[in-house]
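Asker: The sequence and its predicted three-dimensional model are supplied below.
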Amino acid sequence: MPRAVDPARRRRIRLMVALTVALLLTGALAYTTFSAASDAVSPSQLLVSATPGRSYQLTGKVAANSVQRQGDLLRFQIRNRDGHGPALPVVYRGTVPDPFRAGREVIVTGQMAGGRFVGQKDSLITKCPSKFKTTPSGNQV
């Protein structure tokens, strides 16, 4: 004949099981959030330390006279924000934001392949220029 479990003990067991499940789910969420995150890298950083097959967020300015459209394919080059260093060729398919043009700062997610950056579809983001510019004295205008 099975022995009856005390109702107070049953509630404690349920509470412990629920807390353990909640803790495991929180850990899984934190792991997937941080493992999927990637730091934005400049073209110079990427050319020096790119790992094949790894996804990166490339950030920089669209190089002058580098934008070419061929159907749904967009080819352009990205330079470091400060304009120094080599320009990195980018191949991209997908939605192109309206403000996209040479000189505009962008972020695109993708991978290095064959000496160029291949952007993931619909990952191109155009950063808005700042409304405030710093003057040489450091004051905002």
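Answerer: Thanks, I have it.
Asker: And the strands in the protein?
Answerer: Per DSSP state E, the chain carries strands over the ranges 40-41, 56-62, 68-70, 73-79, 88-93, 105-113, 116-119, 125-126.
Asker: possible to save these as JSON lines with distance to Arg3, mean pLDDT and mean neighbour count?
Answerer: C-beta coordinates here come from the backbone N, C-alpha and C atoms, glycine included. Shown next, in JSON lines, are the strands of the chain (distance: least, Cβ to Cβ, whole Å; pLDDT from 0 to 100; neighbours: other Cβ atoms under 10 Å):
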{"stretch": "strand 40-41", "distance to Arg3": "61", "mean pLDDT": "88", "mean neighbour count": "15"}
{"stretch": "strand 56-62", "distance to Arg3": "60", "mean pLDDT": "94", "mean neighbour count": "21"}
{"stretch": "strand 68-70", "distance to Arg3": "77", "mean pLDDT": "93", "mean neighbour count": "9"}
{"stretch": "strand 73-79", "distance to Arg3": "71", "mean pLDDT": "95", "mean neighbour count": "20"}
{"stretch": "strand 88-93", "distance to Arg3": "67", "mean pLDDT": "96", "mean neighbour count": "20"}
{"stretch": "strand 105-113", "distance to Arg3": "59", "mean pLDDT": "93", "mean neighbour count": "18"}
{"stretch": "strand 116-119", "distance to Arg3": "65", "mean pLDDT": "94", "mean neighbour count": "18"}
{"stretch": "strand 125-126", "distance to Arg3": "63", "mean pLDDT": "92", "mean neighbour count": "16"}
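Asker: Now tabulate those in CSV and tack on distance to Leu25.
Answerer: What follows is the strands of the chain, written out as CSV (distance: least, Cβ to Cβ, whole Å):
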stretch, distance to Leu25
strand 40-41, 29
strand 56-62, 27
strand 68-70, 45
strand 73-79, 39
strand 88-93, 36
strand 105-113, 27
strand 116-119, 33
strand 125-126, 30
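Asker: Model confidence for Ser38, exactly?
Answerer: Note for Ser38: predicted pLDDT of 61.
Asker: Also the one 5 residues further on?
Answerer: The predicted local distance difference test score for Pro43 is 93.
Asker: what's the nearest residue to it if we skip its chain neighbours?
Answerer: Leu88 (3.7 Å; Cβ to Cβ, 6 or more residues apart in numbering).
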